[in-house]
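Trainee: Would you be able to build a 3D model of this:
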Amino acid sequence: MSDNQIVFNSFPRSGNVYSSKISNAFFNSMLATAHMPQIFSVQDIDNVTLFRKPEDAISSLIYKQNLNQIADDNSIKQMANNRAEEYRVYMKYAAANSDLIYIGNFDDLINDPLNHFKNIAKKFNRTLHDDYEQRFIDAKSQLVGTLWEDEHDGHIPREKSDHRKHIEEVVNSLPFIQELNQEYKEFILKYQTIV
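Mentor: As a prediction, the model looks like this:
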C-alpha cells in the first residue's frame, strides 16, 4: 500500500475540493489540494489531476473571480486567453509525467465516481475501505452549506445565474477556446490513466 500523500492537483474549478472530501469514503490517506502542475514530477506524492472541458472550467473560474462585478465582453475574452494558457501548462506537465500521476476526466468524477476512485486506488496501490459504497453515500449527504452551495464558489453543481450564463456564452464563442477544447479531447484520449 502506498504511503505517499495524495494531492488533488488540477486546474482550478476541476474537482479538487470535491475529490478530497469524497476520497475519504474510499481509502485512508493524508490529503491535500493544489494548483501546481510543476509538482507532478515529485515521486513522493500521488498526484491526481482531473481535466474538465476547458470552456467549462475557464468559464467557472472567470465567474468565481468576478464575484460582485459584471465583466464586459473584452475583459472576459482577456481573462479567458490568460486562463487558456494556464490550462495548457497543466496539459504539458501532465503529459511529461503521465507515468507518475493519475490523469482523470472530470466527467468520470461526476458521472461514475465509484469507478473513478477505484481506479485511483489501483493506480497507487491503495486498499479500498470494505464499505466504500455506503461511505460514499454518507459523504455525499454531508455536502451542504456555503462551501458546497454558494453561488460563486460552491463545489457541487447548482443553478446558474444570468451573469454566469453570459460568461459561458462569451467564452464558448472564442475560437481559441474551441481550439483548446479540441486539444483537451486529444490529450484525454492519449493520456487518461487506464488501470
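
Trainee: Distance from stretch 32-39 to the middle of the chain?
Mentor: Its chain's C-alpha centre and that of stretch 32-39 lie 11 Å apart, by Cα atoms, centre = their mean, to the nearest Å.

Trainee: Can you measure across it, start residue to end residue?
Mentor: End-to-end distance for stretch 32-39, by Cα to Cα, to the nearest Å: 13 Å.

Trainee: With stretch 57-72 instead?
Mentor: Stretch 57-72: ends 19 Å apart by Cα to Cα.

Trainee: Let me know the distance separating residue 64 from residue 190.
Mentor: Note on residue 64: its distance to residue 190, by Cβ to Cβ, to the nearest Å, is 29 Å. Just so you know, the C-beta spots here come from the backbone N, C-alpha and C atoms, and that holds for glycine as well.

Trainee: Compare the two and say which is more crowded by neighbours.
Mentor: Under the criterion of other Cβ atoms under 10 Å, the comparison of residue 64 against residue 190 puts residue 64 first, with 16 against 10.

Trainee: Next, give phi and psi for that one.
Mentor: phi -60, psi -40 (degrees, to the nearest 10).

Trainee: can you give me the helices in the protein?
Mentor: 16-23, 54-65, 73-96, 106-111, 113-123, 132-141, 146-149, 162-172, 175-191 (DSSP state H).
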